[in-house]
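Engineer: Sharing a model that was predicted from the sequence below.
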Amino acid sequence: MLHLANRFAELGHDVDMVLCRGTGNYLHRLDPRVSKQVLDVPRMVFAGPALARYARRRRPTVIISALYHADLVLLVSRILARLPSKVLISAQNNPEFLGANGAGGRNRLIGFGLRRLLRRADGIVAISRGVGESLVRLACIDRESVVVIHNPVVAPGFERERDAEPQHPWFTDNDIPVLVAAGRLTPQKDYPTLLHAFTILRQRRPLRLIILGEGEDRRDLEALVRSLSIEEDVDMPGFAENPYAFMKAADLFVLSSRFEGFANVLAEALACGTPVVSTDCPYGPSEILANGKYGRSVPVGDAEAFADAMNETLDEPREPDRLIRRGYEFSIEPIADAYLHVLRQIGALPR
């Protein structure tokens, strides 16, 4: 959303970034031409009245929402407060987890609400074909009402960050391959399978693993690392302001997710010229990797297959230029143009 807001402002549009709280790791990257509008509420669930006040005060032509809890609050506010703006929903994750067995009560409530209200949106963008098809099933909406537009990962400043020196001592030792993973430490990312696969492969060859990110599973993952006796070769340094430098320096980028919406990090790693191995999770990786053309994929939760795929990829000659070309297909300019085209179609911008 930050990439899109900055690009829209660059093209001369009047853009607001509306936030519950005026905090976030990437807010300093917001273009000065984008107006930061803070609702000053502790959580999105409480944002409805503040959002309605904002809409009446600023009267935006269109509100673009991302993340399902925000989508639901926006759609409810539109009905109850009769918001004057057009509404475009950008579906950013696999919606099937909202009603899956084991989904929390909050997610089930969001899924219930979206099934009934999603058709009230003026437009719907899905970040992968799989997410789009799931939304059609979830909300019983017409397939033609959902437009697939992938997320942008290459934006101004990308090359500068990619080409920076990664701040980690393991990259100074070229004798031991380094794997990198990036993403929140949550069950969705299934890092236990990655750690088991790493342990299997480490028995065959020297290897190190860096996992970038923070989350509620940190303590459990650290305990698993100790139980597998791989503490000396696994590092979880936390959130990285610049993950691209790590991706470029890595010998291999790995994604072990159970489900995704698009898997931005795979496209980012490709744009860094780094080979990738991913689970074939729903949805996104198969589209990014073009069904194996740009990287190997393995079944979800299969540590043995993951270890084999990593081993085979590490033994292959690198083709960074080919991977970079693929990654650059997810650049901000054409993706922002695709969003603007949708906004014209729904009457939020002149044709």
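Structural biologist: Looks like it came in fine.

Engineer: all contacts plus neighbour counts: C-alpha atoms, from now on.
Structural biologist: OK.

Engineer: According to the record, where do the domains of the chain fall?
Structural biologist: 2-152+331-345, 158-329 (automatic domain parsing).

Engineer: looking at those, which has the lowest confidence?
Structural biologist: Confidence, taken as mean pLDDT, is least for domain 2-152+331-345 of the domains of the chain (a mean of 93).

Engineer: What's the separation between residue 179 and residue 254?
Structural biologist: Separation of residue 179 from residue 254 (CA to CA, to the nearest Å): 7 Å.

Engineer: Show me the one of the domains of the chain that comes nearest residue 351.
Structural biologist: domain 2-152+331-345 (5.3 Å; CA to CA).

Engineer: Make TSV out of the domains of the chain and add distance to residue 351 and mean neighbour count.
Structural biologist: Output for the domains of the chain, formatted as TSV (distance: least, CA to CA, whole Å; neighbours: other CA atoms under 10 Å):
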stretch	distance to residue 351	mean neighbour count
domain 2-152+331-345	5	18
domain 158-329	26	19
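
Engineer: Straight-line length of stretch 226-240, end to end?
Structural biologist: Taking CA to CA, stretch 226-240 runs 23 Å from one end to the other.

Engineer: cool, stretch 199-218 as well?
Structural biologist: Stretch 199-218 has an end-to-end distance of 18 Å (CA to CA).

Engineer: can you check stretch 40-60 too?
Structural biologist: Using CA to CA, the two ends of stretch 40-60 sit 19 Å apart.

Engineer: Stretch 60-73 now?
Structural biologist: Criterion CA to CA; first-to-last residue distance in stretch 60-73 is 17 Å.

Engineer: now stretch 78-95
Structural biologist: End-to-end for stretch 78-95, by CA to CA: 21 Å.

Engineer: can you give me how far it is from the chain middle?
Structural biologist: Relative to its parent chain, stretch 78-95 has a centroid offset of 20 Å by CA atoms, centre = their mean, to the nearest Å.

Engineer: Also stretch 218-226?
Structural biologist: On the basis of CA atoms, centre = their mean, stretch 218-226 sits 24 Å off its chain's mean C-alpha point.

Engineer: where along the stretch 1-150 of the chain do the helices fall?
Structural biologist: Assigned by DSSP state H, counting those that start in this stretch, the stretch 1-150 of the chain shows helices spanning 2-10, 48-58, 68-81, 105-117, 129-139.

Engineer: Any idea which of those gets closest to residue 37?
Structural biologist: So among the helices of the stretch 1-150 of the chain, helix 48-58 is nearest, using CA to CA, at 8.3 Å.

Engineer: Can you get me the centre-to-centre distance for the closest one and its chain?
Structural biologist: Worked out by CA atoms, centre = their mean, helix 48-58 lies 28 Å from the chain centre.

Engineer: ok, now stretch 262-275?
Structural biologist: Using CA atoms, centre = their mean, the offset of stretch 262-275 from its chain centre is 11 Å.

Engineer: Contacts for it, please.
Structural biologist: 92-93, 127-128, 150-151, 153-154, 162, 182-183, 244, 247-248, 250-253, 255, 276, 283-285, 288, 294-295, 313, 318-328, 330 (CA atoms under 8 Å, 6 or more residues apart in numbering).

Engineer: In strands only, show me the residues you listed.
Structural biologist: Mapping the contacts of stretch 262-275 onto strands (DSSP state E) picks out 182, 252-253, 255, 276.

Engineer: Just the closest of the residues you listed to residue 145, please.
Structural biologist: So of the ones in strands among the contacts of stretch 262-275, ranked by how close each gets to residue 145 (CA to CA), first place is residue 255, at 30.8 Å.

Engineer: Write down the beta-bridge partners of the closest one, one by one.
Structural biologist: Counting by DSSP bridges, residue 255 forms beta bridges with residue 278.

Engineer: doesn't residue 281 make contact with it?
Structural biologist: No. Using CA atoms under 8 Å, residue 255 makes no contact with residue 281, being 9.6 Å away.

Engineer: show me what contacts residue 4?
Structural biologist: So residue 4 contacts 152, 332, 336 (CA under 8 Å, 6+ apart).

Engineer: at 7 Å what do you get?
Structural biologist: residue 336 (CA atoms under 7 Å, 6 or more residues apart in numbering).

Engineer: need the helices of the stretch 1-150 of the chain in TSV with distance to residue 345, can you?
Structural biologist: Formatted as TSV, those follow (distance: least, CA to CA, whole Å):
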stretch	distance to residue 345
helix 2-10	17
helix 48-58	22
helix 68-81	20
helix 105-117	21
helix 129-139	18
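
Engineer: where does the residue nearest to the spatial centre of the chain fall, phi/psi-wise?
Structural biologist: Most central in the chain under CA atoms, centre = their mean is residue 264, positioned 4.5 Å from the mean C-alpha point. Main-chain torsions, residue 264, degrees, to the nearest 10: phi -50, psi -40.

Engineer: Quick check: it vs residue 283, distance?
Structural biologist: Residue 264 sits 11 Å away from residue 283, taking CA to CA as the criterion.

Engineer: Could you do residue 16 as well?
Structural biologist: 30 Å.

Engineer: for residue 67, same thing?
Structural biologist: 16 Å.

Engineer: Now residue 55. Nearest residue, chain neighbours left out?
Structural biologist: residue 83 (6.5 Å; CA to CA, 6 or more residues apart in numbering).

Engineer: Cheers, nothing more for now.
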